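Undergrad: take a look and give me a structure for this.
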Amino acid sequence: MSSEADRAPDGTTSAQADQPADQLVRPAPAKLDETGAEKPAADKPGQKPSAGKSADKPGQKPPQESKKDVPAEAKDQGPAPPGEPTAPYTVKREPLRVELSIRGSFEAQTTAEVAVRPQVWQTLEVQSAVEHGATVQKGQVVVQFDCKKIDEEIADLKLKQALGELALKQAAENLKALEASTPLDLKQAERSRQIAQEDLEKFVRTDRALGERSAEFNLKQAEQMLEYEREELRQLEKMYKADDLTEETEEIVLKRQRNAVKAAEFRLEVAKAHYHDTMKFDLPRRGESIQQAAVRADLSAAKARVLLPRALDQARRELERLKIERAREAERLKKLEADRQALTVKAPIDGVVYYGRFTRGRWSGAEAAAESLRPGSSVTKHTVLMTIVQPRPLMLRGTVSEGELRKVRKGLAGVVEPAAFPFVKLPAVIEQVAAVPSAADSFEVRISVKLDSAAPPIVPGMNGTARFVVYRQEKALVVPARAVFSEPDEPQPYLFLLAKDGKPRKQPVRVGHTADDRVEILTGLREQDRVLLERPKPEEQPTAEKEKPGKKAKAADGQKPRKPKRQEDKARDKPQDKRPADEQ
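TA: As a prediction, the model looks like this:
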């Protein structure tokens, strides 16, 4: 059981106010006004000054502060300039208020979707529809579809039944023709198999060897042509060196012959490539294709021997199928007549017509539905065209993140501010908090809203913001969030407390709520303590005291020597009194 001193004015105990240490240094959401701007922290008019700002009780002398300490509190607005140490912070009591805002949409608690769901009919052309926002009564026609085409379909189906007899006669003629053509098709399949087998034998016997010889001959011929051209070039060069021809003529003839050599070299290169492709790709692939064709012809012949007789049997069964189809057409006619009645859509409940649908408080599809419900437009079956909603009662549906989930609970009371009426505050209570997320980092919250006759005209689909005070403490012992540290291997967060000698000392604390970059300290500190806003330098880090000589002698009986606890530490370990000043 929590003591009376551990209970906050709103009934929340300090045990309930605890939160994990790894969430303490995160800044809490800033307090917003109706316009969404951040409210400055200020005391309310007529409120008693907080403990950190007011004087002490009558009869007590205010604590003496040096001129050096006063600016330290006043200048605690940000980090010190580079190279200068941050001034220590003097612990004081201040009002602490933790608020939660949930944005969402107003939603009717009673709704009914309107959609046309025919059994077989597909063409749904709108003839008329009630306007968006119209008030309707249960049973009133809200959508009327064109029935001309379905009436024609019904008439055609009746005619189709009469034509069924002709279809039966035609099926009988098809069966007769199939019985005559099946033997011919079997002979053709066998002939194709024989031709494919002959082609394969011819390729293996002569065509493959002939192709290889042809590729080799072309390659050899290209090599010989290159050799001839090179020899002629050598003879020309030799001849021109011995005769007295002019230099210009000599160069022309030599150039022409050199080009001929290059052309012969290129043709040789092409011949080699052709020889390589023929030997490695063309002939093997041709042989493989001919072999596969022979295999396919064998398979086709075998398939024909099996399937063609079955086709005869299938044709015989087709006559029976047509008889069954006539029975099915009779059933379809029955369903079409029922669909004919469904093309006149009536309201299932009293309410207001909204085009589109509501899904988890979100209104969607209004523009598409308005386009579909124009006269002459077509809609798809099973599509929700409109939703009929009852304007009262309303609820607000919103979401909170994982970090805010611990702040909400069923039955928490607050107010809802409609976006259309920012200065109106409607009483609200959280009705349901989802146990599983509806999306990543999103838990759904349903909030009931009380609307009386004097409430503004709020309708489903409007937006609003629900505001809740989840924690309030008028005299909370707070420190800046950056003064609180934690380590993965330590169970408690801690601060660096300045001792009387001015040296920092590591002080474990128990923390409460966090708001506006401030952390509530439940135990471990007291007013006027001075703490560091950053870690001390390594040479200033507090170290464990060395055991003085003689300590072990006093513990010879097996008991561990215990260091006497200072009075100021005992005072810090006591839970801080959370009662208002007038109750202390």
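Undergrad: the domain parsing of this structure - what is it?
TA: 4-36+65-107+398-538+563-583, 111-146+344-389, 150-340 (automatic domain parsing).
Undergrad: mind putting those in a markdown table, mean pLDDT and mean neighbour count included?
TA: Using the backbone N, CA and C atoms, a C-beta is placed for each residue, glycine as well. A markdown table is the format used below for the domains of the chain (pLDDT from 0 to 100; neighbours: other C-beta atoms under 10 Å):
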| stretch | mean pLDDT | mean neighbour count |
| --- | --- | --- |
| domain 4-36+65-107+398-538+563-583 | 76 | 16 |
| domain 111-146+344-389 | 90 | 17 |
| domain 150-340 | 84 | 14 |
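Undergrad: isn't residue 522 right next to residue 508, touching?
TA: No - look at residue 522 against residue 508 with C-beta atoms under 8 Å: they stay out of range, at 11.8 Å.
Undergrad: show me where the stretch 251-400 of the chain has its strands.
TA: Ranges of strands within the stretch 251-400 of the chain are 344-346, 351-355, 357-359, 362-364, 384-389, 394-400, based on DSSP state E, counting those that start in this stretch.
Undergrad: got the angle between the second one and strand 384-389?
TA: In this case it means strand 351-355. Computed with axes from the mean of the first three to the mean of the last three C-alpha atoms, to 10 degrees, the direction of strand 351-355 lies at 150 degrees from that of strand 384-389.
Undergrad: now find how far off-centre the helix ranked longest in the chain is within its chain.
TA: The helix that spans the most residues within the chain, counting by DSSP state H, is helix 283-342. Helix 283-342 sits 46 Å away from the centroid of its parent chain (C-alpha atoms, centre = their mean, to the nearest Å).
Undergrad: who does that helix touch, helix- and strand-wise?
TA: helix 148-202, helix 208-242 (3 or more C-beta pairs under 8 Å, 6 or more residues apart in numbering; DSSP states H and E).
Undergrad: how does it look with 6 Å?
TA: When contacts are defined as 3 or more C-beta pairs under 6 Å, 6 or more residues apart in numbering; DSSP states H and E, helix 283-342 packs onto helix 148-202.
Undergrad: what is the helix it packs on packed up against?
TA: By 3+ C-beta pairs under 6 Å, 6+ apart, helix 148-202 packs against helix 283-342.
Undergrad: quick check: bridge partners of the closest residue to residue 388 other than its chain neighbours?
TA: With C-beta to C-beta, 6 or more residues apart in numbering as the criterion, residue 388 has its nearest non-adjacent residue at 4.2 Å, and that residue is residue 351. With DSSP bridges as the criterion, residue 351 is bridged to residue 136.
Undergrad: mind listing what residue 351 touches?
TA: Residue 351 makes contact with 388, 389, 390, according to C-beta atoms under 6 Å, 6 or more residues apart in numbering.
Undergrad: what distance do you get for residue 249 to residue 238?
TA: 16 Å (C-beta to C-beta, to the nearest Å).
Undergrad: let's have the strands of the stretch 251-400 of the chain in a markdown table, adding distance to residue 254.
TA: Below are these laid out as a markdown table (distance: least, C-beta to C-beta, whole Å):
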| stretch | distance to residue 254 |
| --- | --- |
| strand 344-346 | 97 |
| strand 351-355 | 91 |
| strand 357-359 | 88 |
| strand 362-364 | 85 |
| strand 384-389 | 90 |
| strand 394-400 | 90 |
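Undergrad: the ones you listed: which one's closest to residue 151?
TA: The closest of the strands of the stretch 251-400 of the chain to residue 151 is strand 344-346. By C-beta to C-beta, the value is 13.3 Å.
Undergrad: pairing partners for that closest one, with directions?
TA: By DSSP bridges, strand 344-346 pairs with strand 141-145 (antiparallel).
Undergrad: run the chain-centre distance for the strand it pairs with.
TA: Taking C-alpha atoms, centre = their mean, one finds strand 141-145 lying 38 Å from the centre of the chain it belongs to.
Undergrad: what sits up against that strand?
TA: So strand 141-145 is contacted by 124, 127, 128, 129, 130, 136, 343, 344, 345, 346, 347 (C-beta under 6 Å, 6+ apart).
Undergrad: again, only using 10 Å
TA: For strand 141-145, contacts defined as C-beta atoms under 10 Å, 6 or more residues apart in numbering pick out 114-116, 118, 121, 123-130, 134, 136, 339-340, 342-348, 353, 373, 375, 378-379, 385-386, 388.
Undergrad: ok, now stretch 270-281?
TA: So stretch 270-281 is contacted by 211-212, 214-223, 225-226, 282-286 (C-beta under 10 Å, 6+ apart).
Undergrad: mind redoing it with 8 Å?
TA: 211, 212, 214, 215, 216, 218, 219, 221, 222, 223 (C-beta atoms under 8 Å, 6 or more residues apart in numbering).
Undergrad: so how far is residue 236 from the last one?
TA: In this case it means residue 223. Residue 223 is 21 Å from residue 236, by C-beta to C-beta.
Undergrad: for the second one, same thing?
TA: In this structure, residue 212 and residue 236 are 37 Å apart, going by C-beta to C-beta.
Undergrad: if I read this right, residue 125 contacts residue 372, doesn't it?
TA: No - with contacts defined as C-beta under 8 Å, residue 125 does not count as touching residue 372, sitting 10.4 Å away.
Undergrad: name the residues contacting each of those two.
TA: Counting by C-beta under 8 Å, 6+ apart, the residues touching both residue 125 and residue 372 are residue 378.
Undergrad: quick one: residues contacting residue 488.
TA: Residue 488 sits next to no residue when contact means C-beta under 8 Å, 6+ apart.
Undergrad: quick one, phi psi at it?
TA: When read as degrees, to the nearest 10, the backbone of residue 488 gives phi -60, psi -30.
Undergrad: over to the one 4 residues further on?
TA: Listed backbone geometry of residue 492 is phi -120, psi 150, with angles given as degrees, to the nearest 10.
Undergrad: likewise residue 420?
TA: phi -80, psi -20.
Undergrad: list the contacts of it.
TA: Residue 420 neighbours (C-beta under 8 Å, 6+ apart): 456, 458, 462.
Undergrad: which residues are contacting stretch 179-188?
TA: Under the criterion C-beta under 8 Å, 6+ apart, residues 304, 305, 308, 309, 311, 312 lie in contact with stretch 179-188.
Undergrad: looking at those, spot the one nearest residue 531.
TA: Relative to residue 531, and with distances defined as C-beta to C-beta, the nearest of the contacts of stretch 179-188 is residue 311, at 95.0 Å.
Undergrad: which residue packs closest to the closest one, ignoring adjacent ones?
TA: residue 178 (6.2 Å).
Undergrad: same question, residue 291
TA: Residue 291 sits nearest to residue 200 (C-beta to C-beta, 6+ apart), 5.8 Å away.
Undergrad: that neighbour and residue 280, how far apart?
TA: With distances taken as C-beta to C-beta, residue 200 is found 21 Å from residue 280.
Undergrad: related to what we said a few turns ago, to residue 103, which of the strands of the stretch 251-400 of the chain lies closest?
TA: If you check each of these against residue 103 by C-beta to C-beta, strand 394-400 wins as the nearest, at 5.6 Å.
Undergrad: good, wrapping up.
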